[in-house]
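[1] Fold the following for me, if possible:
(one chain, ligands or ions: 1)
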Amino acid sequence: MASSLDDLYKDIILDHYRHPRNRGQVENPDVATRGYNPLCGDEMQLSLRLEGDRVAEVMVMGRGCSISQASASMMTERVKGKTLAEARQLIASFKGMLLEDRELSDEEYDALGDLEALEGVKSYPVRIKCALLCWNTLLEALDLSAHKSHKDDGNES
Ligand code: ZN
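    Numbering: from 1, shown residues only. Model prediction:
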């Protein structure tokens, strides 16, 4: 019954793996972080540039399994142009989908877009870390940038 949907999801994942979006490094990034998943050997370098409270550019360079690389590619597509608060909400939704096994709202699924294709990963606990690597790396980048902007302008209201 679910096989055609599975095939569709597999196609989406393979497409992002073979043709990763926003691949590379942002020039003059505000933040750059690295992530590593020792269980699978997945590696990731994430860089982003902010404009105000928006993610103007986000790029990823990485290597590893199809799940880790496809997740990163889809993530950059969804996060680019979003506010920092929206980006954090996406992280929470994606982690909720894979880790907490909770029912996402329709709004959350809409925001995740193609990332829904990775929901099936939750049946393979060893791959969950692959799918989450880029999200944890992004979270670290957002935390670093929040820290930095506090230091840069001390009179933020
Ligand atoms: Zn992996």
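[2] Was I right to think Val26 contacts Leu50?
    No - when contacts are counted by Cβ atoms under 8 Å, Val26 is not listed as touching Leu50 (10.2 Å). Bear in mind the C-beta positions are built from the backbone N, C-alpha and C, glycine included.
[3] What sits closest to Ala70 if chain neighbours are left out?
    His16 (3.9 Å; Cβ to Cβ, 6 or more residues apart in numbering).
[4] so does whichever strand or helix holds the one you found get close to the ion?
    Taking DSSP states H and E as the criterion, His16 maps to helix 3-18. No - on the criterion Cβ under 5 Å from the ion, helix 3-18 is out of touch with the ion, staying 11.0 Å away.
[5] Pull out the buried positions in that helix.
    Across helix 3-18, burial judged by 16 or more other Cβ atoms under 10 Å covers 9, 12-13, 15-17.
[6] now do stretch 122-142
    Those buried within stretch 122-142 under the rule 16+ other Cβ under 10 Å are 127-139, 141-142.
[7] from these, which single one is nearest Thr33?
    Nearest to Thr33 out of the buried residues of stretch 122-142 is Ala141 (Cβ to Cβ; 4.5 Å).
[8] The closest one: what secondary structure?
    Assigned state for Ala141: helix (three-state reduction, DSSP: H, G, I helix; E, B strand; the rest coil).
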